[in-house]
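*Asks:* kindly generate the corresponding structure for this input.
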Amino acid sequence: MSAAGAPGSMAGRAVLITGGTGGIGKAAAIGLAALGARVAITGRERERAEAAAAEIASRSGNPAVDVFVGDLSSQADVRRLAGEVLAAYPRFPEFLRRKLHYDPDQRFQSEWYRHYREMFAPEVSHP
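*Replies:* Numbering: from 1, shown residues only. The predicted structure is shown next:
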């Protein structure tokens with residue numbers, strides 16, 4: 001793990017990685033955790049997400065890995081997940097809160113989801 005203040009250190013910072021249970025997401029999580037970041041990963045299946053978190057902690061030498069479970073293709077899960085993440089990370093960067101359009105009344109819609117709905121959903125959604 002990287003020492004605080006060292007060049008490239010992420011100590012004292014938090015990172016949320018969606019899809020951190022495999023592939024490039026997990027590789028990024030390992031790298032950022034190795035630099036000292038507190039890493040949160042999301043996954044659809046709790047068992048797989050917890051196994052990935054254990055591997056990230058082991059390979060990076062940083063035990064500060066949190067798991068959030070939800071299906072990002074479900075707007076209800078996205079809302080719930082956003083609430084859980086922001087409750088666990090109350091000082092999460094303001095840009096993320098703005099990006100997620102989250103407010104205390106639980107009105108939430110990610111820019112990604114809005115873009116997806118506008119561009120792709122009409123082509124693949126079923127009535």
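*Asks:* CA only for contacts and neighbour counts going forward, please
*Replies:* OK.
*Asks:* the strands in this protein, which residues?
*Replies:* 14-17, 38-43, 65-69 (DSSP state E).
*Asks:* and these as CSV, adding mean neighbour count, distance to residue 80 and mean pLDDT?
*Replies:* Shown next, in CSV, are those (neighbours: other CA atoms under 10 Å; distance: least, CA to CA, whole Å; pLDDT from 0 to 100):
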stretch, mean neighbour count, distance to residue 80, mean pLDDT
strand 14-17, 19, 15, 89
strand 38-43, 24, 12, 92
strand 65-69, 21, 10, 96
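*Asks:* nearest to residue 57, of those strands?
*Replies:* Residue 57 lies closest, by CA to CA, to one member of the strands of the chain: strand 65-69, at 6.4 Å.
*Asks:* how about residues contacting the closest one?
*Replies:* Contacts of strand 65-69 with the rest of the structure, by CA atoms under 8 Å, 6 or more residues apart in numbering, involve 33, 38-46, 49-50, 53-54, 56-57, 81, 84-85.
*Asks:* now with 7 Å, please.
*Replies:* Identification of contacts with strand 65-69 by CA atoms under 7 Å, 6 or more residues apart in numbering yields 38-46, 49-50, 53, 57, 81.
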